[in-house]
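Visitor: Sharing a model that was predicted from the sequence below.
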Amino acid sequence: MDNEALLQELPRETLVEMLSDFAKNWLAHDGLWFLAAEAKFDMETAIELDTAAWERFTVVEAKRLMRRHNIEPGGGVPALAKALQLRMYAFLNHYRLEVVDERTLRFYNVTCRVQSARQRDNRPLFPCKSVGVMEFTNFAKTIDPRFRTKVIACPPDDLPRDFMCGWEFTLVDEEE
């Protein structure tokens, strides 16, 4: 059966809801995989495996977004801002973008579905900073290799703040 014909018949509202469900299912699978790895091994090993997976996944995700949405490689701050808004996470978390200037963009996950689930289950926040550094660095460099990524704050950094994690992306000249 060709699912494209089925999708063509569905109302736009249903398709939008399905996109949200797909994003939630993707994240649920990622989280359950991580918990299984943590249970079988330990937190450190699970983070190591998670980092290796995200190292490759973010490049795949960025390239697909670029193709689908005609984002030109090397497009600087506008290209990265657009791509960040189209990531799977963007359909799950509340976020904020700040264009500081033509060379600098800041991205904040105001809420995080992963951390909210952990808090709801009375578990400590997931120390995702090392995974996030790999994830956001590779994503930004795939969009434009001139980007340098700096963490503003991310668990296990202390709370409170008005965001869960924050990242700064700065375009640098090749020599820098």
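Guide: Arrived safely, thanks for sending.
Visitor: Show me where this structure has its strands.
Guide: For the chain, applying DSSP state E gives strands covering 95-101, 104-109, 147-153, 165-171.
Visitor: next one: the shortest one to chain centre, how far?
Guide: Once both centres are worked out by Cα atoms, centre = their mean, to the nearest Å, strand 104-109 turns out to sit 12 Å from its chain's centre.
Visitor: counting contacts, what elements does the lengthiest helix in the chain pack onto?
Guide: Criterion DSSP state H: the longest helix present in the chain is helix 12-40. Packing contacts for helix 12-40, counted by 3 or more Cβ pairs under 8 Å, 6 or more residues apart in numbering; DSSP states H and E, involve helix 43-68, helix 113-120. All C-beta atoms are positioned from the backbone trio N, CA, C, and that covers glycine.
Visitor: hang on, the earlier thing: please tabulate the strands of the chain in TSV and include distance to Lys63 and mean neighbour count as additional columns.
Guide: Shown next, in TSV, are the strands of the chain (distance: least, Cβ to Cβ, whole Å; neighbours: other Cβ atoms under 10 Å):
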stretch	distance to Lys63	mean neighbour count
strand 95-101	21	13
strand 104-109	19	21
strand 147-153	15	17
strand 165-171	18	22
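Visitor: Give me the most central residue, this structure.
Guide: Tyr89 (5.1 Å; Cα atoms, centre = their mean).
Visitor: ok, that one - contacts?
Guide: Ala23, Leu27, Tyr95, Asn109 (Cβ atoms under 8 Å, 6 or more residues apart in numbering).
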